[in-house]
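K.L.:
quick one, what's the 3D model for this:
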Amino acid sequence: MGNPLDPQEFRRQAHMVVDFIADYYQDIEKYPVRSQVEPGYLPKLLPKSSPTCPEPIETILQDVKAHILPGLTHWQSPNYFAFFPASASIAGFLGEMLSTGFNVVGFNWISSPAATELENIVMEWLGQMLCLPKSFLFSGNGGGVLQGTTCEVILCTLVAARDRVLSRIGRENIGKLVVYGSDQTHCSFQKASQIVGIHQCNFRIIKTDKSTSFALS
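P.N.:
A predicted model of the protein is given here:
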């Protein structure tokens, strides 16, 4: 792939990748939404061990088109109607490029001050858009962080709830904690409760019905 720190070679290869992605979106509706491959298809197409010599980007993109695209579920396709709608955008792609290009590490303020402060500002904007009480905002001693996935959010929320209660009743009483969820709740909620140490018997599923729009108070 060449030296990743060579600006001119990066420019050439990056243009090829952008063109590849643009062409993919140009033709995305032509792909079957759900992959037509059988389990174990990919090991038959790739080498048994890692390459000893680098390959040019042209060869890699050919392999991606021939071997990877057929094994994808095309979530961004206009014909995709499962789970949730297309969630990526041009702005998202370009933002990822900038973040990756800068190699942003944002685990605390000093590692990337702009990343931390921009996250705080965006979360403040979001809280205001949702008309949340001031106690939920940084300006009201609240605030929040951006997470990568809904599953991550659920896990972090349960960890915070668990530790808040255990600080009051003692960590030795973790076996007494109970988690309630509706029968409409995503399976990731139950998985997250197991990860934080809640016994399976203490995960209580509450039945909901149409009369309350399947909501759980």
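
K.L.:
any low-confidence regions in this structure?
P.N.:
Screening the chain residue by residue with the criterion pLDDT under 70, one finds the ranges 1-4.

K.L.:
where do the strands sit along this structure?
P.N.:
Assigned by DSSP state E, the chain shows strands spanning 179-182, 203-206.

K.L.:
what's the most buried one of those strands?
P.N.:
Mean neighbours per residue, mean count of other Cβ atoms under 10 Å, is largest over these for strand 179-182, with a mean of 16. The way it works is simple: take the backbone N, C-alpha and C, and place the C-beta from them, glycine included.

K.L.:
that older thread, a markdown table for the strands of the chain, including distance to Asn103?
P.N.:
Supplementary listing: those in a markdown table, determined by distance: least, Cβ to Cβ, whole Å:
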| stretch | distance to Asn103 |
| --- | --- |
| strand 179-182 | 38 |
| strand 203-206 | 40 |
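
K.L.:
what about Gly106, how many residues nearby?
P.N.:
Using other Cβ atoms under 10 Å as the criterion, Gly106 is surrounded by 16 other residues.

K.L.:
what residues are up against the closest residue to it other than its chain neighbours?
P.N.:
What sits nearest to Gly106 in space, not counting adjacent residues and going by Cβ to Cβ, 6 or more residues apart in numbering, is Ala115, at 3.8 Å. Contact analysis of Ala115 by Cβ atoms under 8 Å, 6 or more residues apart in numbering lists Val104, Val105, Gly106.

K.L.:
how about Leu177?
P.N.:
With contacts defined as Cβ under 8 Å, 6+ apart, the neighbours of Leu177 are Arg162, Val165, Leu166, Ile198, Asn202.

K.L.:
so what's the residue count around Val196?
P.N.:
Here the neighbour count serves as a burial measure; for Val196 (other Cβ under 10 Å) it reads 19.

K.L.:
shouldn't it be in contact with Cys156?
P.N.:
No - counting by Cβ atoms under 8 Å, Cys156 is not a contact partner of Val196; they are 9.7 Å apart.

K.L.:
follow-up on the earlier one: put the buried members of the contacts of Leu177 into a ChimeraX selection.
P.N.:
Only the buried members of the contacts of Leu177 end up in this ChimeraX selection, burial being decided by 16 or more other Cβ atoms under 10 Å:
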select :162,166,198
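
K.L.:
let's see which of the contacts of Leu177 end up in helices.
P.N.:
The helices, defined by DSSP state H, take in Arg162, Val165, Leu166 from those.

K.L.:
do I have it right that the first one meets Val196?
P.N.:
Yes - with contact taken as Cβ under 8 Å, Arg162 and Val196 are classed as touching, separated by 5.2 Å.

K.L.:
burial count for the nearest residue to Ala66 once chain neighbours are set aside?
P.N.:
Taking Cβ to Cβ, 6+ apart, and ignoring the residues beside it in sequence, Ala66 has Leu45 as its nearest neighbour in space, at 7.9 Å. Here the number of neighbours of Leu45 (other Cβ under 10 Å) works out to 13.

K.L.:
and the one 10 residues further on, by the same measure?
P.N.:
Glu55: 11 surrounding residues under other Cβ under 10 Å.

K.L.:
kindly report the same for Ile28.
P.N.:
Ile28 is flanked by 17 other residues according to other Cβ under 10 Å.

K.L.:
cool, the one 10 residues further on as well?
P.N.:
When counting by other Cβ under 10 Å, one arrives at 8 neighbours for Glu38.

K.L.:
this completes my enquiry, with thanks.
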